[in-house]
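Participant: no FASTA, just this:
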């Protein structure tokens, strides 16, 4: 596509977009087109049909491109972007040693810049929606909302509702009532972004033991009543499962079920350590999961049984956990992790047949984060959150099976443009209405200062130091 096409796409619309193909939920449709107006898909269908029904629109030919839904990141920590590489080589539960100290060292400017940097990386990787699990930075959460809004990405914005410190369960009357201030703040947060086109309020609890039983119950109820999600890290690490067994005699997911916190409003982050009984609990209650395969590889104890979830009809999306913002590589990791952990042992060479991971990276992810009625697919009435993918590259030009090829051979370099809410937000990796390189430069300065003052404890040295140790005489 040339500069003229870019200028047309950067306008206010409405648009009749005519790519080579449109990726629908049921698969790619050659010779289809879409009408985008007022931020939504107004029509989706064969190009000749749309030309006839919208004669007032001049079609914008997008030769050599696939129009597909944007990816949904079902689990992110936007204000942790300054320390992403600090996770390398680290064992589980690094949140205690790295993320909590790092976020505690952020002021308003650095929290905003970290969140916007993460949003930029996500957009570059084809994500049009991110679910932020809540920041621990001592700033108004609206700082994160502003960063996402200014970057131009859709954000399910979590508010942390912890009221039990670092997992020390409150007892007595406080455990019965929960912290009134936390609950009042939660109610205000759920109402704060009503009508916002990009920000969708959510509640969050870091891990079940970080909130009193009463607060866990209440935030789940508040989220359900508001049609929002509550995000909780559940059954992610062996240590957390063991602590729950000692405290409650139940595993974390079982404990949440026991107190009535499971349900369609809950987005259980990670859920890597699940028993058959817990899979049944998820299926029976309609609870959603964010399957985060890269996080499992980098710092986890296990890989979530996503194929079993798909078979049981358990709702789940794919999440990066802030590892790397590349939707194609995330979909590949989702398939790859299932093949290594389950497919090889059972002789399953398909492991979801490609389409499963695209589905849960887009429409399934939107469902998991509570936005199925808003985004996740190229369909009439949904928000026009989509990608234009160059299919003339060496990786995709010789096409035999588009869904598989996108999972196995797609990468963010093939994304020509990213649209959120019908507006072009990125063109060839760069923001269209703000200075991306300037943000990266400022983030570099602020990150050095924040990491220097944060009391971070790492279990392993940098790779260079590790090499020196291994080669020392």
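Facilitator: Okay, I see it. None of the values given here were measured: they were computed from a predicted structure.
Participant: Helix or strand for residue 419, just tell me which one.
Facilitator: strand 415-420 (DSSP states H and E).
Participant: Tell me which strands that strand pairs with, and in which orientation.
Facilitator: strand 386-390 (antiparallel), strand 423-427 (antiparallel) (DSSP bridges).
Participant: any idea which helix or strand carries residue 438?
Facilitator: Going by DSSP H and E, residue 438 is part of helix 436-453.
Participant: Measure how far that helix is from the centre of its chain, please.
Facilitator: Counting by CA atoms, centre = their mean, to the nearest Å, helix 436-453 is centred 23 Å from the centre of its parent chain.
Participant: Nearest to residue 119, out of the strands paired with strand 415-420?
Facilitator: The closest of the strands paired with strand 415-420 to residue 119 is strand 423-427. By CB to CB, the value is 9.6 Å. For every residue, glycine as well, the C-beta is placed using N, CA and C.
Participant: avg pLDDT for that closest one?
Facilitator: Here strand 423-427 scores 97 as its mean pLDDT.
Participant: contacts for that strand?
Facilitator: 6, 9-10, 39, 123-124, 151-153, 415-419, 431-433 (CB atoms under 8 Å, 6 or more residues apart in numbering).
Participant: same question, stretch 8-21
Facilitator: Contacts of stretch 8-21 (CB under 8 Å, 6+ apart): 28-38, 42, 47, 50-51, 54, 57-67, 388, 391, 402, 417, 422, 424, 427, 432.
Participant: And for stretch 95-113?
Facilitator: 77, 79-80, 82-83, 86-87, 90, 114, 135-140, 143-144, 146-147, 166, 206, 439, 442-443, 446-447, 449-451, 453-459.
Participant: Go through that stretch and flag the buried ones.
Facilitator: 95, 97-103, 105-106, 110-113 (16 or more other CB atoms under 10 Å).
Participant: Quickly note the distance from the nearest residue to residue 348 once chain neighbours are set aside to residue 311.
Facilitator: Spatial nearest neighbour of residue 348, excluding adjacent residues (CB to CB, 6 or more residues apart in numbering): residue 342 at 6.9 Å. Residue 342 sits at a distance of 11 Å from residue 311 (criterion: CB to CB, to the nearest Å).
Participant: Show me which of those two is the more surrounded one.
Facilitator: residue 342 (16 against 11; other CB atoms under 10 Å).
Participant: roughly how far out does stretch 123-132 sit from the chain middle?
Facilitator: With CA atoms, centre = their mean as the basis, stretch 123-132 stands 7 Å off its chain's centre.
Participant: average pLDDT across that stretch?
Facilitator: 98.
Participant: what do you get for stretch 227-241?
Facilitator: Mean per-residue pLDDT for stretch 227-241: 96.
Participant: Then stretch 16-36?
Facilitator: Mean predicted confidence for stretch 16-36 is 97.
Participant: what do you get for stretch 302-315?
Facilitator: Computed over stretch 302-315, the average pLDDT equals 97.
Participant: mind listing what's buried in that stretch?
Facilitator: 302-307, 309-310, 314-315.
Participant: Among these, which one lies nearest to residue 199?
Facilitator: Checking the buried residues of stretch 302-315 against residue 199 with CB to CB, the nearest one is residue 315 at 22.3 Å.
Participant: Roughly how far does the closest one sit from residue 24?
Facilitator: Residue 315 is 20 Å from residue 24, by CB to CB.
Participant: which regions of the stretch 251-400 of the chain sit below the pLDDT cut-off?
Facilitator: Within the stretch 251-400 of the chain, not a single segment meets pLDDT under 70.
Participant: all strands of it, in order?
Facilitator: 266-270, 288-291, 315-318, 386-390 (DSSP state E, counting those that start in this stretch).
Participant: rewinding a little: nearest to residue 267, of the buried residues of stretch 95-113?
Facilitator: Distance to residue 267, by CB to CB, is smallest for residue 95 among those, at 17.3 Å.
Participant: coming back round to it: contacts only, for the residue nearest to residue 348.
Facilitator: So residue 342 contacts 305, 307-308, 348, 351 (CB under 8 Å, 6+ apart).
Participant: for residue 396, same thing?
Facilitator: 389-390, 405-406, 409-410, 414.
Participant: Read off the pLDDT value for residue 2.
Facilitator: pLDDT, residue 2: 82.
Participant: Could you do residue 222 as well?
Facilitator: Looking at residue 222, the pLDDT reads 97.
Participant: can you check residue 174 too?
Facilitator: Looking at residue 174, its pLDDT stands at 46.
Participant: same thing with residue 89?
Facilitator: The model's pLDDT for residue 89 equals 82.
Participant: Name the SS class of it, please.
Facilitator: What DSSP: H, G, I helix; E, B strand; the rest coil gives for residue 89 is coil.
Participant: ditto for residue 20
Facilitator: Of the three states, residue 20 takes strand under three-state DSSP.
Participant: Counting neighbours, what do you get for it?
Facilitator: By other CB under 10 Å, neighbour count at residue 20 equals 18.
Participant: Same check on residue 249?
Facilitator: Applying other CB under 10 Å, I find that residue 249 has 10 neighbouring residues.
Participant: Please apply the same query to residue 275.
Facilitator: Using other CB under 10 Å, residue 275 is surrounded by 13 other residues.
Participant: ok, and the closest non-adjacent residue to it?
Facilitator: residue 251 (7.2 Å).
Participant: who's in contact with the one you found?
Facilitator: Contacts of residue 251 by CB under 8 Å, 6+ apart are 235, 241, 244-245, 273, 275, 278.
Participant: Please tell me which one of those residues counts the most neighbours.
Facilitator: residue 235 (28 neighbours).
Participant: still on that earlier bit, any chance of JSON lines for the contacts of residue 396, columns distance to residue 283 and neighbour count?
Facilitator: Listed next are the contacts of residue 396 as JSON lines, based on distance: CB to CB, whole Å; neighbours: other CB atoms under 10 Å:
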{"residue": "389", "distance to residue 283": "34", "neighbour count": "25"}
{"residue": "390", "distance to residue 283": "39", "neighbour count": "19"}
{"residue": "405", "distance to residue 283": "31", "neighbour count": "17"}
{"residue": "406", "distance to residue 283": "28", "neighbour count": "29"}
{"residue": "409", "distance to residue 283": "33", "neighbour count": "15"}
{"residue": "410", "distance to residue 283": "30", "neighbour count": "28"}
{"residue": "414", "distance to residue 283": "36", "neighbour count": "21"}
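Participant: Out of those residues, the closest to residue 330 would be?
Facilitator: When the contacts of residue 396 are compared for distance to residue 330 (CB to CB), residue 410 wins out at 10.5 Å.
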